[in-house]
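need the 3D shape of this:
(chains A and B)
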Amino acid sequence: MTGALNLLVALAMGLNLLALGSSRLPSLIRAAAVQGMVLGVLPLLLEHEFHGLVWVVAAATIAIKGFVIPGLLRRALRTAHIDREVEPLLGFIPSLLLGAMAAIGAVAFAGALPLRPEHAGTLLVPGAFATLVGGLLLLMGRSKAIAQVCGYLILENGIYLFGLLLIHATPLIVEAGILLDLTVGVFVIGIIVDRIQREFDTLDTRKLTSLRE
Amino acid sequence: MTTVLDILLRLAVWLLLAPLLPGVINKVKAWIAGRRGPPVLQLYYDLAKLWRKGVVLSTAVSPGHVAGPAVAWVAVLSAALLLPLGPAGTALSFRGDALLFVYLLAVARFCTSCAALDTASAFEGMGVAREVSYAVLAEAAVITALLTLALQSNSVSLGTMLVPSAGAGAGLLAAGLFLVLLAENCRVPFDDPNTHLELTMIHEVMVLDHSGPPLAAILHGASVKLLLFAVLLAETVLPIGKLSPLMATAALAGSVLVVAVGVGLVESLFARLAFRRVPMLLTTAFLLSLFALLAAWKGAGA
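As a prediction, the model looks like this:
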(Lines give C-alpha, C1' and ligand atoms only; values in the text may rest on other atoms or scores of the structure.)
Protein backbone atom coordinates (compact mmCIF):
# COMPACT_ATOMS: atom_id res chain seq x y z
CA MET A 1 0.00 0.00 0.00
CA THR A 2 2.74 2.44 1.01
CA GLY A 3 4.75 1.33 -2.01
CA ALA A 4 1.97 2.19 -4.45
CA LEU A 5 1.32 5.47 -2.63
CA ASN A 6 4.99 6.47 -2.77
CA LEU A 7 5.20 5.51 -6.42
CA LEU A 8 2.24 7.76 -7.29
CA VAL A 9 3.57 10.70 -5.26
CA ALA A 10 7.01 10.24 -6.86
CA LEU A 11 5.28 10.29 -10.24
CA ALA A 12 3.59 13.55 -9.28
CA MET A 13 6.98 14.97 -8.26
CA GLY A 14 8.37 13.92 -11.64
CA LEU A 15 5.44 15.62 -13.37
CA ASN A 16 6.36 18.83 -11.52
CA LEU A 17 9.72 18.81 -13.23
CA LEU A 18 8.10 17.94 -16.55
CA ALA A 19 5.83 20.98 -16.14
CA LEU A 20 8.80 23.18 -15.25
CA GLY A 21 10.73 21.96 -18.27
CA SER A 22 8.02 22.01 -20.92
CA SER A 23 8.32 24.78 -23.46
CA ARG A 24 4.88 24.44 -25.07
CA LEU A 25 1.58 25.38 -23.44
CA PRO A 26 -0.27 22.17 -24.45
CA SER A 27 2.38 19.96 -22.86
CA LEU A 28 2.33 22.14 -19.75
CA ILE A 29 -1.46 21.77 -19.54
CA ARG A 30 -1.11 18.02 -20.05
CA ALA A 31 1.47 17.75 -17.26
CA ALA A 32 -0.81 19.60 -14.83
CA ALA A 33 -3.79 17.43 -15.88
CA VAL A 34 -1.94 14.11 -15.49
CA GLN A 35 -0.67 15.25 -12.10
CA GLY A 36 -4.22 16.05 -11.00
CA MET A 37 -5.37 12.62 -12.13
CA VAL A 38 -2.50 10.83 -10.39
CA LEU A 39 -3.28 12.65 -7.14
CA GLY A 40 -6.99 11.97 -7.59
CA VAL A 41 -6.35 8.24 -7.15
CA LEU A 42 -4.64 8.74 -3.77
CA PRO A 43 -7.76 8.95 -1.53
CA LEU A 44 -8.69 5.42 -2.65
CA LEU A 45 -5.35 4.15 -1.38
CA LEU A 46 -5.45 6.12 1.87
CA GLU A 47 -9.02 5.37 2.98
CA HIS A 48 -9.06 1.90 4.46
CA GLU A 49 -12.76 1.09 4.67
CA PHE A 50 -14.97 1.09 1.62
CA HIS A 51 -16.86 4.33 1.45
CA GLY A 52 -19.17 5.43 -1.33
CA LEU A 53 -18.30 9.10 -0.99
CA VAL A 54 -14.57 8.38 -1.41
CA TRP A 55 -15.23 6.84 -4.82
CA VAL A 56 -17.42 9.75 -5.83
CA VAL A 57 -14.84 12.35 -4.78
CA ALA A 58 -11.99 10.45 -6.43
CA ALA A 59 -13.93 10.06 -9.67
CA ALA A 60 -14.95 13.74 -9.60
CA THR A 61 -11.34 14.83 -8.96
CA ILE A 62 -10.03 12.75 -11.85
CA ALA A 63 -12.78 13.92 -14.19
CA ILE A 64 -12.48 17.61 -13.32
CA LYS A 65 -8.69 17.92 -12.97
CA GLY A 66 -7.94 15.51 -15.79
CA PHE A 67 -10.54 16.47 -18.37
CA VAL A 68 -12.77 19.46 -17.56
CA ILE A 69 -10.11 22.01 -16.54
CA PRO A 70 -7.61 21.05 -19.28
CA GLY A 71 -10.50 21.15 -21.73
CA LEU A 72 -11.38 24.70 -20.62
CA LEU A 73 -7.75 25.79 -20.89
CA ARG A 74 -7.32 24.23 -24.33
CA ARG A 75 -10.52 25.92 -25.47
CA ALA A 76 -9.22 29.28 -24.25
CA LEU A 77 -5.95 28.58 -26.07
CA ARG A 78 -7.81 27.82 -29.28
CA THR A 79 -10.43 30.55 -29.31
CA ALA A 80 -8.05 33.32 -28.27
CA HIS A 81 -5.39 32.22 -30.85
CA ILE A 82 -2.58 32.17 -28.33
CA ASP A 83 0.96 31.19 -29.37
CA ARG A 84 2.03 27.85 -28.00
CA GLU A 85 5.42 29.06 -26.80
CA VAL A 86 5.70 29.36 -23.01
CA GLU A 87 8.05 32.40 -22.90
CA PRO A 88 9.77 31.93 -19.56
CA LEU A 89 10.95 34.79 -17.36
CA LEU A 90 13.11 32.28 -15.51
CA GLY A 91 14.89 29.95 -17.98
CA PHE A 92 13.92 26.29 -18.29
CA ILE A 93 17.17 24.90 -16.97
CA PRO A 94 17.32 27.18 -13.89
CA SER A 95 13.69 26.41 -13.09
CA LEU A 96 14.32 22.66 -13.53
CA LEU A 97 17.34 22.81 -11.25
CA LEU A 98 15.40 24.86 -8.66
CA GLY A 99 12.55 22.35 -8.83
CA ALA A 100 14.97 19.45 -8.32
CA MET A 101 16.62 21.28 -5.42
CA ALA A 102 13.19 21.83 -3.92
CA ALA A 103 12.39 18.12 -4.24
CA ILE A 104 15.62 17.07 -2.55
CA GLY A 105 15.24 19.78 0.10
CA ALA A 106 11.66 18.66 0.72
CA VAL A 107 12.74 15.06 1.28
CA ALA A 108 15.49 16.18 3.66
CA PHE A 109 13.21 18.66 5.46
CA ALA A 110 10.36 16.16 5.86
CA GLY A 111 12.84 13.76 7.47
CA ALA A 112 13.43 16.36 10.18
CA LEU A 113 9.74 17.07 10.87
CA PRO A 114 7.95 15.38 13.80
CA LEU A 115 5.40 13.52 11.65
CA ARG A 116 2.89 10.98 12.82
CA PRO A 117 4.21 7.42 12.44
CA GLU A 118 1.76 6.51 9.66
CA HIS A 119 2.95 9.47 7.58
CA ALA A 120 6.65 9.25 8.35
CA GLY A 121 7.40 6.49 5.84
CA THR A 122 5.41 8.01 2.98
CA LEU A 123 6.38 10.66 0.46
CA LEU A 124 3.17 12.66 1.15
CA VAL A 125 4.82 15.57 2.97
CA PRO A 126 7.91 15.89 0.72
CA GLY A 127 5.66 15.52 -2.31
CA ALA A 128 3.41 18.31 -1.05
CA PHE A 129 6.36 20.66 -0.45
CA ALA A 130 7.95 19.89 -3.81
CA THR A 131 4.65 20.39 -5.66
CA LEU A 132 3.98 23.67 -3.84
CA VAL A 133 7.41 25.01 -4.80
CA GLY A 134 7.02 23.76 -8.37
CA GLY A 135 3.69 25.55 -8.70
CA LEU A 136 5.13 28.74 -7.19
CA LEU A 137 8.08 28.63 -9.60
CA LEU A 138 5.68 28.33 -12.52
CA LEU A 139 3.55 31.19 -11.21
CA MET A 140 6.55 33.47 -10.81
CA GLY A 141 8.69 32.38 -13.72
CA ARG A 142 6.28 32.32 -16.66
CA SER A 143 4.91 35.39 -18.36
CA LYS A 144 1.77 34.03 -20.06
CA ALA A 145 -1.51 33.90 -18.16
CA ILE A 146 -2.28 30.31 -19.23
CA ALA A 147 1.09 29.09 -17.94
CA GLN A 148 0.42 30.90 -14.66
CA VAL A 149 -2.96 29.16 -14.42
CA CYS A 150 -1.14 25.83 -14.78
CA GLY A 151 1.22 26.93 -12.01
CA TYR A 152 -1.79 27.74 -9.86
CA LEU A 153 -3.28 24.29 -10.57
CA ILE A 154 -0.03 22.60 -9.57
CA LEU A 155 0.10 24.74 -6.43
CA GLU A 156 -3.42 23.58 -5.62
CA ASN A 157 -2.31 19.97 -6.18
CA GLY A 158 0.35 20.50 -3.53
CA ILE A 159 -2.21 21.85 -1.07
CA TYR A 160 -4.44 18.89 -1.90
CA LEU A 161 -1.57 16.54 -1.05
CA PHE A 162 -1.24 18.26 2.34
CA GLY A 163 -4.98 17.88 2.80
CA LEU A 164 -4.67 14.14 2.29
CA LEU A 165 -2.75 13.94 5.58
CA LEU A 166 -6.02 14.86 7.31
CA ILE A 167 -8.24 12.64 5.20
CA HIS A 168 -9.53 10.76 8.26
CA ALA A 169 -10.36 13.99 10.10
CA THR A 170 -11.97 16.26 7.50
CA PRO A 171 -15.20 15.44 5.76
CA LEU A 172 -14.73 14.74 2.06
CA ILE A 173 -17.45 17.25 1.29
CA VAL A 174 -14.83 19.96 1.93
CA GLU A 175 -12.72 18.42 -0.82
CA ALA A 176 -15.71 18.45 -3.15
CA GLY A 177 -16.27 22.16 -2.39
CA ILE A 178 -12.63 23.00 -3.19
CA LEU A 179 -12.97 21.14 -6.47
CA LEU A 180 -16.03 23.19 -7.38
CA ASP A 181 -14.21 26.45 -6.56
CA LEU A 182 -11.28 25.39 -8.68
CA THR A 183 -13.47 24.62 -11.66
CA VAL A 184 -15.31 27.92 -11.41
CA GLY A 185 -11.97 29.73 -11.01
CA VAL A 186 -10.51 28.22 -14.14
CA PHE A 187 -13.78 28.81 -15.98
CA VAL A 188 -13.64 32.51 -15.11
CA ILE A 189 -9.94 32.68 -16.00
CA GLY A 190 -10.76 31.19 -19.40
CA ILE A 191 -13.13 34.07 -20.07
CA ILE A 192 -10.67 36.66 -18.74
CA VAL A 193 -7.88 35.24 -20.92
CA ASP A 194 -10.06 35.73 -23.98
CA ARG A 195 -10.79 39.34 -22.94
CA ILE A 196 -7.12 40.14 -22.24
CA GLN A 197 -6.11 38.70 -25.58
CA ARG A 198 -8.72 40.80 -27.43
CA GLU A 199 -7.89 43.98 -25.58
CA PHE A 200 -4.09 43.86 -25.61
CA ASP A 201 -3.29 41.36 -28.42
CA THR A 202 -1.07 39.53 -25.98
CA LEU A 203 -1.32 37.36 -22.89
CA ASP A 204 1.91 38.62 -21.42
CA THR A 205 0.96 39.60 -17.87
CA ARG A 206 3.85 42.08 -17.71
CA LYS A 207 1.90 44.32 -20.08
CA LEU A 208 -1.00 44.48 -17.62
CA THR A 209 0.97 46.76 -15.31
CA SER A 210 0.44 49.66 -17.73
CA LEU A 211 -3.35 49.64 -17.30
CA ARG A 212 -4.88 53.10 -17.51
CA GLU A 213 -8.31 54.62 -17.23
CA MET B 1 51.93 -14.38 -15.40
CA THR B 2 48.26 -15.37 -15.34
CA THR B 3 47.29 -11.77 -14.58
CA VAL B 4 49.13 -10.57 -17.66
CA LEU B 5 47.42 -13.25 -19.74
CA ASP B 6 44.07 -12.32 -18.22
CA ILE B 7 44.55 -8.63 -19.06
CA LEU B 8 45.65 -9.45 -22.61
CA LEU B 9 42.60 -11.67 -23.09
CA ARG B 10 40.24 -8.93 -21.87
CA LEU B 11 41.99 -6.39 -24.06
CA ALA B 12 41.47 -8.71 -27.03
CA VAL B 13 37.75 -9.02 -26.19
CA TRP B 14 37.32 -5.23 -26.01
CA LEU B 15 39.42 -4.59 -29.12
CA LEU B 16 37.73 -7.20 -31.25
CA LEU B 17 34.11 -6.85 -30.18
CA ALA B 18 33.87 -3.06 -30.06
CA PRO B 19 33.61 -2.34 -33.83
CA LEU B 20 30.65 -4.73 -33.98
CA LEU B 21 28.35 -2.31 -32.17
CA PRO B 22 28.29 0.54 -34.73
CA GLY B 23 27.68 -2.14 -37.37
CA VAL B 24 24.62 -3.39 -35.48
CA ILE B 25 23.33 0.18 -35.08
CA ASN B 26 23.75 0.88 -38.79
CA LYS B 27 22.00 -2.38 -39.67
CA VAL B 28 19.01 -1.44 -37.47
CA LYS B 29 18.86 1.99 -39.09
CA ALA B 30 19.00 0.41 -42.54
CA TRP B 31 16.18 -2.03 -41.69
CA ILE B 32 13.93 0.73 -40.44
CA ALA B 33 14.60 2.78 -43.55
CA GLY B 34 13.93 -0.26 -45.75
CA ARG B 35 17.50 -0.46 -47.09
CA ARG B 36 19.92 -3.38 -47.09
CA GLY B 37 22.56 -1.29 -45.41
CA PRO B 38 26.31 -1.87 -45.02
CA PRO B 39 27.46 -5.25 -43.65
CA VAL B 40 27.68 -5.55 -39.86
CA LEU B 41 31.47 -5.92 -40.14
CA GLN B 42 31.86 -2.69 -42.17
CA LEU B 43 33.86 -0.88 -39.47
CA TYR B 44 36.45 -3.70 -39.44
CA TYR B 45 36.98 -3.23 -43.19
CA ASP B 46 37.21 0.54 -42.76
CA LEU B 47 39.74 0.21 -39.96
CA ALA B 48 41.86 -2.23 -41.98
CA LYS B 49 41.79 0.13 -44.95
CA LEU B 50 42.72 3.16 -42.84
CA TRP B 51 45.52 1.26 -41.14
CA ARG B 52 47.21 0.55 -44.50
CA LYS B 53 46.99 4.17 -45.65
CA GLY B 54 49.61 6.85 -45.18
CA VAL B 55 49.21 9.92 -42.96
CA VAL B 56 48.69 13.34 -44.49
CA LEU B 57 49.75 16.06 -42.10
CA SER B 58 49.13 19.76 -42.34
CA THR B 59 52.31 21.86 -42.22
CA ALA B 60 50.87 23.81 -39.28
CA VAL B 61 50.52 20.93 -36.80
CA SER B 62 52.84 19.84 -34.00
CA PRO B 63 53.61 16.20 -33.09
CA GLY B 64 50.72 16.48 -30.61
CA HIS B 65 48.33 16.15 -33.50
CA VAL B 66 49.33 12.51 -33.96
CA ALA B 67 49.99 11.82 -30.28
CA GLY B 68 46.53 13.05 -29.22
CA PRO B 69 44.48 10.27 -30.82
CA ALA B 70 46.97 7.65 -29.66
CA VAL B 71 46.80 8.78 -26.02
CA ALA B 72 43.02 9.05 -26.21
CA TRP B 73 42.76 5.52 -27.60
CA VAL B 74 44.93 4.09 -24.82
CA ALA B 75 42.98 6.05 -22.17
CA VAL B 76 39.61 4.72 -23.38
CA LEU B 77 40.98 1.17 -23.46
CA SER B 78 42.34 1.51 -19.91
CA ALA B 79 38.95 2.79 -18.75
CA ALA B 80 37.38 -0.26 -20.42
CA LEU B 81 39.76 -2.56 -18.55
CA LEU B 82 38.52 -1.13 -15.24
CA LEU B 83 34.94 -2.24 -15.96
CA PRO B 84 34.02 -5.73 -14.81
CA LEU B 85 33.22 -8.01 -17.72
CA GLY B 86 30.17 -9.86 -16.47
CA PRO B 87 30.95 -12.88 -14.27
CA ALA B 88 34.69 -12.64 -15.00
CA GLY B 89 34.99 -9.60 -12.73
CA THR B 90 37.77 -7.08 -13.24
CA ALA B 91 41.42 -7.64 -13.97
CA LEU B 92 42.46 -4.40 -12.30
CA SER B 93 40.52 -3.38 -9.25
CA PHE B 94 41.44 -1.13 -6.39
CA ARG B 95 39.72 1.24 -4.01
CA GLY B 96 38.53 4.34 -5.87
CA ASP B 97 38.97 3.06 -9.41
CA ALA B 98 35.57 4.60 -10.23
CA LEU B 99 37.28 8.00 -10.01
CA LEU B 100 40.08 6.86 -12.29
CA PHE B 101 37.43 5.65 -14.75
CA VAL B 102 35.86 9.14 -14.94
CA TYR B 103 39.25 10.80 -15.27
CA LEU B 104 40.48 8.42 -17.99
CA LEU B 105 37.43 9.30 -20.08
CA ALA B 106 38.17 12.98 -19.45
CA VAL B 107 41.82 12.49 -20.51
CA ALA B 108 40.65 10.89 -23.75
CA ARG B 109 38.40 13.87 -24.46
CA PHE B 110 41.15 16.34 -23.58
CA CYS B 111 43.59 14.68 -25.99
CA THR B 112 41.12 14.56 -28.90
CA SER B 113 40.24 18.21 -28.27
CA CYS B 114 43.88 19.29 -28.10
CA ALA B 115 44.72 17.42 -31.28
CA ALA B 116 41.81 19.16 -33.00
CA LEU B 117 42.82 22.61 -31.70
CA ASP B 118 46.34 21.94 -32.89
CA THR B 119 45.28 22.32 -36.53
CA ALA B 120 44.30 25.96 -35.85
CA SER B 121 41.20 25.46 -37.99
CA ALA B 122 38.22 27.63 -37.07
CA PHE B 123 35.73 24.82 -37.65
CA GLU B 124 37.59 22.41 -35.43
CA GLY B 125 37.84 25.02 -32.69
CA MET B 126 34.07 25.42 -32.89
CA GLY B 127 33.58 21.65 -32.69
CA VAL B 128 35.86 21.45 -29.65
CA ALA B 129 33.96 24.25 -27.93
CA ARG B 130 30.66 22.41 -28.44
CA GLU B 131 32.02 19.01 -27.48
CA VAL B 132 33.57 20.30 -24.27
CA SER B 133 30.58 22.38 -23.21
CA TYR B 134 28.24 19.39 -23.58
CA ALA B 135 30.73 17.09 -21.91
CA VAL B 136 30.61 19.20 -18.74
CA LEU B 137 26.90 18.44 -18.37
CA ALA B 138 27.23 14.78 -19.40
CA GLU B 139 30.04 14.24 -16.91
CA ALA B 140 27.89 15.59 -14.08
CA ALA B 141 25.31 12.92 -14.91
CA VAL B 142 27.93 10.12 -15.04
CA ILE B 143 29.47 11.18 -11.74
CA THR B 144 26.04 11.33 -10.07
CA ALA B 145 25.22 7.87 -11.41
CA LEU B 146 28.50 6.49 -10.05
CA LEU B 147 27.79 8.20 -6.71
CA THR B 148 24.42 6.46 -6.59
CA LEU B 149 26.03 3.09 -7.20
CA ALA B 150 28.71 3.83 -4.62
CA LEU B 151 26.09 4.76 -2.02
CA GLN B 152 24.15 1.59 -2.75
CA SER B 153 27.04 -0.82 -2.54
CA ASN B 154 29.14 1.08 0.04
CA SER B 155 32.19 0.86 -2.17
CA VAL B 156 34.07 3.06 -4.61
CA SER B 157 35.44 0.24 -6.72
CA LEU B 158 33.73 -0.51 -10.02
CA GLY B 159 34.24 -4.25 -9.50
CA THR B 160 31.91 -4.36 -6.49
CA MET B 161 29.69 -1.37 -7.38
CA LEU B 162 28.30 -2.93 -10.52
CA VAL B 163 27.69 -6.45 -9.20
CA PRO B 164 24.31 -5.91 -7.51
CA SER B 165 21.40 -4.31 -9.34
CA ALA B 166 20.82 -0.61 -8.75
CA GLY B 167 17.62 -1.31 -6.79
CA ALA B 168 14.90 1.29 -6.50
CA GLY B 169 16.48 3.84 -8.80
CA ALA B 170 17.54 1.37 -11.52
CA GLY B 171 15.01 2.65 -14.03
CA LEU B 172 16.00 6.28 -13.44
CA LEU B 173 19.69 5.45 -13.67
CA ALA B 174 19.16 3.45 -16.85
CA ALA B 175 17.32 6.35 -18.50
CA GLY B 176 19.96 8.85 -17.37
CA LEU B 177 22.88 6.70 -18.50
CA PHE B 178 21.20 6.00 -21.85
CA LEU B 179 20.95 9.76 -22.48
CA VAL B 180 24.60 10.14 -21.49
CA LEU B 181 25.51 7.27 -23.81
CA LEU B 182 23.80 9.08 -26.69
CA ALA B 183 25.51 12.37 -25.84
CA GLU B 184 28.99 10.96 -25.22
CA ASN B 185 28.97 8.92 -28.40
CA CYS B 186 27.56 11.74 -30.53
CA ARG B 187 24.36 9.91 -31.37
CA VAL B 188 21.23 11.42 -32.78
CA PRO B 189 19.38 13.73 -30.44
CA PHE B 190 22.72 15.44 -29.72
CA ASP B 191 24.77 15.02 -32.87
CA ASP B 192 24.37 13.24 -36.18
CA PRO B 193 27.19 10.77 -36.94
CA ASN B 194 26.32 10.92 -40.65
CA THR B 195 26.36 14.68 -41.04
CA HIS B 196 28.77 16.24 -43.52
CA LEU B 197 27.99 19.86 -42.77
CA GLU B 198 30.77 21.36 -40.69
CA LEU B 199 28.53 24.04 -39.21
CA THR B 200 26.37 21.48 -37.40
CA MET B 201 28.95 18.84 -36.49
CA ILE B 202 30.15 18.35 -32.95
CA HIS B 203 32.39 15.35 -32.71
CA GLU B 204 32.93 14.67 -36.39
CA VAL B 205 34.34 18.12 -36.98
CA MET B 206 37.19 17.46 -34.57
CA VAL B 207 38.55 14.59 -36.66
CA LEU B 208 38.41 16.28 -40.07
CA ASP B 209 42.18 16.75 -40.30
CA HIS B 210 43.14 13.26 -39.21
CA SER B 211 43.94 10.56 -41.72
CA GLY B 212 45.34 7.04 -41.90
CA PRO B 213 46.22 5.16 -38.68
CA PRO B 214 45.42 8.10 -36.32
CA LEU B 215 41.90 8.27 -37.80
CA ALA B 216 41.63 4.50 -37.37
CA ALA B 217 42.60 4.93 -33.71
CA ILE B 218 39.92 7.62 -33.28
CA LEU B 219 37.20 5.54 -34.94
CA HIS B 220 38.14 2.42 -33.00
CA GLY B 221 38.35 4.41 -29.76
CA ALA B 222 34.86 5.77 -30.42
CA SER B 223 33.49 2.25 -30.86
CA VAL B 224 35.21 1.08 -27.65
CA LYS B 225 33.66 4.05 -25.84
CA LEU B 226 30.22 3.08 -27.16
CA LEU B 227 30.68 -0.51 -25.98
CA LEU B 228 32.01 0.77 -22.64
CA PHE B 229 28.93 2.88 -21.99
CA ALA B 230 26.63 0.05 -23.13
CA VAL B 231 28.33 -2.37 -20.71
CA LEU B 232 28.19 0.22 -17.90
CA LEU B 233 24.46 0.73 -18.52
CA ALA B 234 23.77 -3.02 -18.68
CA GLU B 235 25.71 -3.80 -15.50
CA THR B 236 24.05 -0.95 -13.62
CA VAL B 237 20.63 -2.46 -14.21
CA LEU B 238 21.38 -6.18 -14.22
CA PRO B 239 22.05 -8.05 -10.96
CA ILE B 240 25.15 -9.72 -12.43
CA GLY B 241 26.21 -11.15 -9.08
CA LYS B 242 23.00 -13.11 -8.57
CA LEU B 243 23.05 -14.99 -11.88
CA SER B 244 25.07 -18.06 -12.81
CA PRO B 245 28.18 -17.23 -14.91
CA LEU B 246 26.66 -18.49 -18.16
CA MET B 247 23.38 -16.66 -17.56
CA ALA B 248 25.23 -13.47 -16.60
CA THR B 249 27.30 -13.53 -19.78
CA ALA B 250 24.21 -14.15 -21.89
CA ALA B 251 22.28 -11.39 -20.08
CA LEU B 252 25.15 -8.94 -20.51
CA ALA B 253 25.58 -9.71 -24.22
CA GLY B 254 21.82 -9.57 -24.73
CA SER B 255 21.41 -6.23 -23.01
CA VAL B 256 24.36 -4.68 -24.86
CA LEU B 257 22.63 -5.79 -28.06
CA VAL B 258 19.34 -4.29 -26.81
CA VAL B 259 21.15 -0.99 -26.12
CA ALA B 260 22.60 -1.02 -29.65
CA VAL B 261 19.18 -1.70 -31.17
CA GLY B 262 17.74 1.04 -28.95
CA VAL B 263 20.34 3.52 -30.22
CA GLY B 264 19.49 2.49 -33.78
CA LEU B 265 15.78 2.98 -33.13
CA VAL B 266 16.31 6.40 -31.53
CA GLU B 267 18.49 7.36 -34.45
CA SER B 268 15.88 6.43 -37.04
CA LEU B 269 12.76 7.64 -35.23
CA PHE B 270 13.87 10.93 -33.68
CA ALA B 271 15.10 14.10 -35.25
CA ARG B 272 18.20 15.81 -34.02
CA LEU B 273 17.66 18.49 -31.39
CA ALA B 274 18.41 22.15 -31.98
CA PHE B 275 21.65 23.22 -30.31
CA ARG B 276 19.99 25.38 -27.69
CA ARG B 277 17.83 22.44 -26.57
CA VAL B 278 20.75 20.08 -25.97
CA PRO B 279 21.70 21.41 -22.49
CA MET B 280 18.07 20.86 -21.49
CA LEU B 281 18.21 17.15 -22.35
CA LEU B 282 21.56 16.72 -20.62
CA THR B 283 20.17 18.47 -17.54
CA THR B 284 17.33 15.94 -17.66
CA ALA B 285 19.90 13.13 -17.68
CA PHE B 286 21.62 14.73 -14.68
CA LEU B 287 18.29 15.08 -12.84
CA LEU B 288 17.39 11.43 -13.53
CA SER B 289 20.69 10.35 -11.98
CA LEU B 290 20.15 12.81 -9.15
CA PHE B 291 16.74 11.34 -8.34
CA ALA B 292 18.21 7.85 -8.44
CA LEU B 293 20.74 9.15 -5.91
CA LEU B 294 17.87 10.51 -3.80
CA ALA B 295 16.09 7.14 -3.96
CA ALA B 296 19.29 5.35 -2.93
CA TRP B 297 19.83 7.80 -0.08
CA LYS B 298 16.24 7.44 1.18
CA GLY B 299 16.46 3.66 0.74
CA ALA B 300 19.66 3.55 2.79
CA GLY B 301 18.14 5.77 5.51
CA ALA B 302 14.86 3.82 5.86
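
quick one, longest helix in the chain?
I went with chain A, as the question did not name one. helix A:172-200 (DSSP state H).

ah, no, chain B please
Every helix in chain B considered (DSSP H), the longest is helix B:122-153.

packing partners of that helix?
On a contact count with 3 or more Cβ pairs under 8 Å, 6 or more residues apart in numbering or on different chains; DSSP states H and E, helix B:122-153 meets helix B:97-117, helix B:158-161, helix B:170-184, helix B:278-301. For every residue, glycine as well, the C-beta is placed using N, CA and C.

now do residue 46, the pLDDT please.
Assuming you mean chain A. Per-residue confidence (pLDDT) for residue A:46: 80.

wait, chain B
93.

cool, and the one 10 residues further on?
The confidence metric pLDDT takes the value 89 at residue B:56.

spell out the secondary structure type for it.
On the three-state scheme (DSSP: H, G, I helix; E, B strand; the rest coil), residue B:56 is labelled coil.

give me the neighbour count for the residue lying closest to it once chain neighbours are set aside.
Once flanking residues are discounted, residue B:56 sits nearest to residue B:211: 4.8 Å by Cβ to Cβ, 6 or more residues apart in numbering or on different chains. By the measure other Cβ atoms under 10 Å in any protein chain shown, the count of residues near residue B:211 is 15.

give me the number of residues near residue 38?
Defaulting to chain A. Other residues close to residue A:38 by other Cβ under 10 Å number 21.

right idea, wrong chain: chain B
Using other Cβ under 10 Å, residue B:38 is surrounded by 15 other residues.

wait, what's in contact with the closest residue to it other than its chain neighbours?
Using Cβ to Cβ, 6+ apart and skipping residues adjacent in sequence, the residue nearest residue B:38 is residue B:26, 5.8 Å away. Residue B:26 makes contacts with B:37, B:38, B:40, B:42, B:264, as judged by Cβ atoms under 8 Å, 6 or more residues apart in numbering or on different chains.

buried ones only from these, please, as a ChimeraX command.
In ChimeraX syntax, the buried subset of the contacts of residue B:26 is picked out as below (16 or more other Cβ atoms under 10 Å in any protein chain shown):
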select /B:37,40,264
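
so can I have CSV of the contacts of residue B:26 showing pLDDT?
Formatted as CSV, the contacts of residue B:26 follow (pLDDT from 0 to 100):
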residue, pLDDT
B:37, 88
B:38, 90
B:40, 92
B:42, 92
B:264, 93
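
and the contacts of residue B:26, which is closest to residue B:250?
residue B:40 (19.6 Å; Cβ to Cβ).

these two touch, right, that closest one and residue B:21?
No. Counting by Cβ atoms under 8 Å, residue B:40 stays clear of residue B:21, with 9.7 Å between them.

okay, now the unreliable bits of chain B?
Residue ranges of chain B with pLDDT under 70: B:165-168, B:196-200, B:300-302.

got the residues of it near chain A?
With Cβ under 8 Å from any Cβ of the partner chain as the criterion, chain B meets chain A at residues B:279, B:280, B:283, B:284, B:287, B:290, B:291, B:294, B:298, B:301, B:302.

which element is residue 94 on?
Since you didn't name a chain, this refers to chain A. Using DSSP states H and E, residue A:94 maps to helix A:92-112.

now that helix: how far from the chain's centre is it?
Centroid separation for helix A:92-112 versus its chain: 16 Å, with Cα atoms, centre = their mean, to the nearest Å.

can you check stretch B:27-40 too?
22 Å.

what's the end-to-end length of that stretch?
Stretch B:27-40 stretches 7 Å from its first residue to its last (Cα to Cα, to the nearest Å).

how about residues contacting it?
Stretch B:27-40 has contacts (Cβ under 8 Å, 6+ apart) with B:20, B:23-24, B:26, B:45, B:260-261, B:263-265, B:267-269.

next, the buried residues of that stretch.
By neighbour count on 16+ other Cβ under 10 Å, the buried set for stretch B:27-40 is B:27, B:28, B:29, B:37, B:40.

okay, and which of those residues map to helices?
In helices, judged by DSSP H, the following of the buried residues of stretch B:27-40 are found: B:27, B:28, B:29.

and the gap between the second one and residue B:108?
Read that as residue B:28. Remark: distance between residue B:28 and residue B:108 (Cβ to Cβ, to the nearest Å) = 26 Å.

coming back round to it: farthest pair within the buried residues of stretch B:27-40?
Greatest spatial distance in the buried residues of stretch B:27-40: B:29 and B:40, 12.1 Å, computed using Cβ to Cβ.

quick one: secondary structure of the most centrally placed residue in chain A?
Most central in chain A under Cα atoms, centre = their mean is residue A:154, positioned 1.5 Å from the mean C-alpha point. Following three-state DSSP, residue A:154 is assigned to helix.

how about it, nearest residue that isn't a chain neighbour?
In space, and not counting its chain neighbours, residue A:154 is closest to residue A:135: 3.7 Å by Cβ to Cβ, 6+ apart.

what comes up buried for stretch B:240-249?
Neighbour counts using 16+ other Cβ under 10 Å place B:240, B:241, B:243, B:248, B:249 of stretch B:240-249 among the buried residues.

show me what the helix or strand hosting residue B:235 is packed against.
Assessed by DSSP H and E, residue B:235 sits inside helix B:212-237. Identification of packing neighbours for helix B:212-237 by 3+ Cβ pairs under 8 Å, 6+ apart yields helix B:2-17, helix B:20-33, helix B:42-52, helix B:64-82, helix B:97-117, helix B:170-184, helix B:245-269.

mind putting those in a markdown table, distance to residue A:185 included?
As requested, those are exported to a markdown table (distance: least, Cβ to Cβ, whole Å):
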| stretch | distance to residue A:185 |
| --- | --- |
| helix B:2-17 | 61 |
| helix B:20-33 | 47 |
| helix B:42-52 | 60 |
| helix B:64-82 | 56 |
| helix B:97-117 | 50 |
| helix B:170-184 | 35 |
| helix B:245-269 | 40 |
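
how about those, which one is nearest residue A:63?
The minimum distance between residue A:63 and the helices and strands packed on helix B:212-237 falls on helix B:170-184, with 29.9 Å, by Cβ to Cβ.

what's next to that closest one, contact-wise?
So helix B:170-184 is in contact with B:105, B:134-135, B:137-138, B:141-142, B:144-145, B:148-149, B:166, B:187-190, B:225-226, B:229-230, B:232-233, B:236-237, B:259, B:262-263, B:266, B:278, B:281-282, B:284-289, B:291-292, B:295, going by Cβ under 8 Å, 6+ apart.

before we move on, the earlier item: let's have the buried residues of stretch B:240-249 in a markdown table, adding distance to residue A:186.
Listed next are those as a markdown table, based on distance: Cβ to Cβ, whole Å:
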| residue | distance to residue A:186 |
| --- | --- |
| B:240 | 51 |
| B:241 | 52 |
| B:243 | 53 |
| B:248 | 54 |
| B:249 | 57 |
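
of the residues of chain B next to chain A, just the buried ones, ChimeraX syntax please.
Applying 16+ other Cβ under 10 Å to these, the buried members can be selected in ChimeraX as follows:
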select /B:279,280,283,284,287,290,291,294,298
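
tell me which two in the residues of chain B next to chain A are the farthest apart.
The distance between the two most remote of the residues of chain B next to chain A (Cβ to Cβ) is 34.0 Å, for B:279 and B:302.

distance of residue B:249 relative to residue B:85?
From residue B:249 across to residue B:85, the span is 9 Å (Cβ to Cβ).
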